[in-house]
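# Pasting the sequence and the predicted model now:
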Amino acid sequence: MNSFELKFLVDVGVGKGIEKYLLEEGYDTKPVRDIDPRMEDEEIIRTAISENRMVITMDKDFGELVYHSSMEHSGVLLLRLEDATGSEKLQVVKHIMKKYSGRIKNCFCVFQNDKFRIKKINR
């Protein structure tokens, strides 16, 4: 997938290293910290929808919003890397972008225990 087709809204806990990497790779990337570091999850998803951005987060509450509250979204990449260092998180995101960037748009994706799952959500 062309880097111009994927746009990201990066949640606060993800880290500046990932934000920097995505920008350097040519992805349209907006950090939540630059909008409002205390933005509520529902507002993050609404902002992402209005700007056609995929949310990158470490907050599993996004799964609750998408699956149990059936909240519409433009894609979520949930990184279940609670004890990972910034460089470990960055390596995971680099791997995902190199191998799966063409398949994740508008999907709910989870990386956990060295496994990556992609689920297309019907709207």
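Arrived safely. Numbers count the residues shown, from 1 in each chain.
# Could you list which residues are in contact with Arg53?
Lys7, Phe8, Leu9, Asp28, Lys30, Thr47, Ser74, Gly75 (Cβ atoms under 8 Å, 6 or more residues apart in numbering). Every residue, glycine included, has its C-beta placed from N, CA and C.
# Centroid-nearest residue for this structure?
Closest to where the C-alpha atoms of the chain average out (Cα atoms, centre = their mean) is Ile56, at 1.7 Å.
# Pairing partners for that residue in the sheet, please.
Here Ile56 sits in beta bridges with Val10, Leu77, as judged by DSSP bridges.
# That one and Tyr100, how far apart?
13 Å (Cβ to Cβ, to the nearest Å).
# Give me the neighbour count for the closest residue to Gly15 other than its chain neighbours.
Leaving aside its chain neighbours, Gly15 sits nearest to Gly86 (5.0 Å; criterion: Cβ to Cβ, 6 or more residues apart in numbering). Neighbour count for Gly86, taken as other Cβ atoms under 10 Å: 12.
# how close does the residue lying closest to Gly13 once chain neighbours are set aside sit to Ser70?
Nearest non-adjacent residue to Gly13, counting by Cβ to Cβ, 6+ apart: Met58, 4.6 Å away. According to Cβ to Cβ, Met58 and Ser70 sit 22 Å apart.
# These two: who's more crowded?
Met58 (18 against 10).
# which residues touch the more buried one?
Applying Cβ under 8 Å, 6+ apart, the residues contacting Met58 are Asp11, Gly13, Val14, Leu78, Leu79, Arg80, Leu81, Glu82.
# right, and the fifth one touches Gly15 too?
No: taking contacts as Cβ atoms under 8 Å, Leu79 lies outside contact range of Gly15: 9.6 Å.
# just checking, what packs against the worst-scoring helix or strand of the chain on mean pLDDT?
Within the chain, no helix or strand scores below helix 61-63, which has a mean of 88 by mean pLDDT, DSSP states H and E. Identification of packing neighbours for helix 61-63 by 3 or more Cβ pairs under 8 Å, 6 or more residues apart in numbering; DSSP states H and E yields helix 41-50, strand 76-80.
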